[in-house]
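Peer 1: Fold the following and give me the result.
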Amino acid sequence: MKKAVLVIAALVVFTGFTFAQASVGAWGRGLFVAVAGGDDMVTADTASWGDAPRVGMTVSGTSDNVGFQIDINADNGAIAAGDQQKIWVKLFDMLTIQIGRVFEDSLRGSAGFGAWNWQRYDVIEGDSAIFMRVSRLNRDWDPTNVVISLAPVEGAFIFLSMSGLIAATPMLEDALPLGQYGAGYTIEGIGQIRAQYIGQETVIDEDWGIINAAFKLTMIEGLIVDLGADIPSDSDQNGLKLMRIKLYGSYAMDALTIHVYGDVDLYDEAHVGDDLGFLARLGVDYNMEGGIGINADVSYANDVRANNDDGSISGMVGVTMGFSNGLVGIALEITTTNFAGLGLVKANPDDIAFCLPIRLEYWF
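Peer 2: You can find the predicted model right below:
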């Protein structure tokens, strides 16, 4: 009898998986920093962003009108919720509602290359660098929220998001200024234009936010150019920063891909120190036969951007061996700042720090 019950349960689950298109996926990355040095030598298990190695998986279910997603992490010997745990319903082709812990990446503009995928430098940009993902800046890492999106015509995407709803239980008049509202439109054969308003926590006494606008050029085969800007409605509450202009470009030709990234921060004259900060990065990926890949980058940030009197210089070169569902690799990285999460001690902040990370990564 017990076996029969188990068989029936398995058939029910299998049938549900078949018709509801439930699935399990996974992604994870870990770095064994064999040695890292400042004044002292250290070793560590970590992830690119400085926490414990990421061991993650996703369980999801999809039908024509209803679905769910649960991201699960098993980092550092503990089971915890990952980025998203959400329910979504598509009322009709144009309108979708997502609720729970939601990130919406339909318009996101990123610039991840080089050390972003290894041990990150303290001064670096990558995911969401050009156009911020929905439910990120307005409540930092508290995206318990609702996202309502509308696709009225081919190529158009309009969204509204309010976050922090469970933790804060705000009055409606308090929640609306902290929302995230925007739209994008893909021009066939040319590129994509998008803009959004990201409400910010009040620092002084007035509601304020950041206007984030971007245009991605895709009309030339192999070339991507994504230009964006962040403009605060109140620079006093934004650390006297008047604007950040950002550019990411990549060009792929056969086995070689070249990446460039740059941003410029413009400050009010009342800002302590210079009124201009900037970061510039150049990276190269080269894929060889047999699954071998080479990554390299070099970057420079001036004193304002690096918060360091002499600015910062960073660079890396790495080699990976790819497999069908993952890779292994090793890299050498140096920086005159520091590395995410390692906290290397340096008697002189301008001294060179280095690390030798061994990278393991999987995807299913």
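
Peer 1: ranges for the helices of the stretch 101-250 of the chain?
Peer 2: If you assign secondary structure with DSSP state H, counting those that start in this stretch, the helices in the stretch 101-250 of the chain sit at 165-168, 172-175.

Peer 1: Identify the bridge partners of Met57.
Peer 2: Ala26, Ile72 (DSSP bridges).

Peer 1: I'd like the distance between it and Ala80.
Peer 2: Shown here: Met57 relative to Ala80, a distance of 12 Å by C-beta to C-beta, to the nearest Å. Where C-beta positions appear, they are placed from N, C-alpha and C, glycine not excepted.

Peer 1: Mind listing the shared neighbours of the two?
Peer 2: A shared contact of Met57 and Ala80, defined by C-beta atoms under 8 Å, 6 or more residues apart in numbering, is any residue touching both; here these are 72, 74.

Peer 1: between these two, which one's more packed in?
Peer 2: Of the pair Met57 and Ala80, Met57 is the one with more neighbours under other C-beta atoms under 10 Å, namely 16 against 11.

Peer 1: give the contact list for that one.
Peer 2: Residues in contact with Met57, defined by C-beta under 8 Å, 6+ apart, are 24-27, 71-72, 74.

Peer 1: Please name the bridge partners of Ser149.
Peer 2: Thr96, Phe159.

Peer 1: neighbours around it, how many?
Peer 2: Other residues close to Ser149 by other C-beta under 10 Å number 21.

Peer 1: can you pull the pLDDT of it?
Peer 2: Listed pLDDT for Ser149 reads 97.

Peer 1: what's the answer for Gly30, then?
Peer 2: On the pLDDT scale, Gly30 is placed at 98.

Peer 1: Count the neighbours of it for me.
Peer 2: Counted with other C-beta under 10 Å, residues neighbouring Gly30 total 19.

Peer 1: What of Ala347?
Peer 2: Burial measure for Ala347: 7 neighbouring residues, criterion other C-beta under 10 Å.

Peer 1: ok, the nearest residue to it once chain neighbours are set aside - contacts?
Peer 2: Excluding the flanking residues, the one nearest Ala347 by C-beta to C-beta, 6 or more residues apart in numbering is Asp39, at 5.5 Å. The neighbourhood of Asp39, defined by C-beta under 8 Å, 6+ apart, consists of 344-347, 351.

Peer 1: Go again with 6 Å.
Peer 2: Listed by C-beta atoms under 6 Å, 6 or more residues apart in numbering, the contact partners of Asp39 are 345-347.

Peer 1: Which of those residues sits closest to Leu266?
Peer 2: Among the contacts of Asp39, Lys346 lies closest to Leu266 (C-beta to C-beta), at 30.1 Å.

Peer 1: Confirm for me that that closest one is in contact with Ala36.
Peer 2: No. Under the criterion of C-beta atoms under 6 Å, Lys346 makes no contact with Ala36, lying 11.5 Å away.

Peer 1: now the helices: where do they sit in the stretch 251-364 of the chain?
Peer 2: Listed in chain order (using DSSP H, counting those that start in this stretch), the helices of the stretch 251-364 of the chain are 303-306.

Peer 1: coming back round to it: which one of the helices of the stretch 101-250 of the chain has the lowest average pLDDT?
Peer 2: The weakest mean pLDDT among the helices of the stretch 101-250 of the chain belongs to helix 165-168, with a mean of 64.

Peer 1: Could I get the average pLDDT for stretch 116-135?
Peer 2: Confidence over stretch 116-135 (mean pLDDT, whole number) is 95.

Peer 1: who touches it?
Peer 2: Surrounding stretch 116-135, the residues in contact under the criterion C-beta under 6 Å, 6+ apart are 31, 48, 102-105, 107-112, 115, 143, 145, 159, 161, 163, 180, 194, 212, 214, 226, 228, 246, 248, 301, 306, 312, 314, 318, 331, 333, 335, 337-340, 355, 357.

Peer 1: Quick one: end-to-end distance for that stretch.
Peer 2: Here the two ends of stretch 116-135 are set 21 Å apart, with distance taken as C-alpha to C-alpha, to the nearest Å.

Peer 1: repeat for stretch 321-328
Peer 2: By C-alpha to C-alpha, the extent of stretch 321-328 from end to end equals 5 Å.

Peer 1: Need the residues that contact that stretch.
Peer 2: When contacts are taken as C-beta under 6 Å, 6+ apart, the neighbours of stretch 321-328 outside the stretch itself are 291, 320, 360-364.

Peer 1: Flag the shaky bits of the stretch 51-200 of the chain, pLDDT-wise.
Peer 2: 136-143, 166-169 (pLDDT under 70).

Peer 1: Is there a quick ChimeraX command that grabs whichever of the contacts of stretch 321-328 are buried?
Peer 2: Filtering the contacts of stretch 321-328 down to the buried ones (16 or more other C-beta atoms under 10 Å) takes a single ChimeraX command:
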select :320,361
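
Peer 1: how near is the residue most central in space within the chain to Arg108?
Peer 2: The structure's the chain has its C-alpha centroid closest to Asp127; by C-alpha atoms, centre = their mean the separation is 2.9 Å. As for Asp127, its distance to Arg108 is 8 Å (criterion: C-beta to C-beta).

Peer 1: for stretch 307-323, which positions count as buried?
Peer 2: Neighbour counts using 16+ other C-beta under 10 Å place 308, 311-320 of stretch 307-323 among the buried residues.

Peer 1: repeat for stretch 81-93
Peer 2: Judged by neighbour count using 16+ other C-beta under 10 Å, the buried positions of stretch 81-93 are 82-86, 88, 90.
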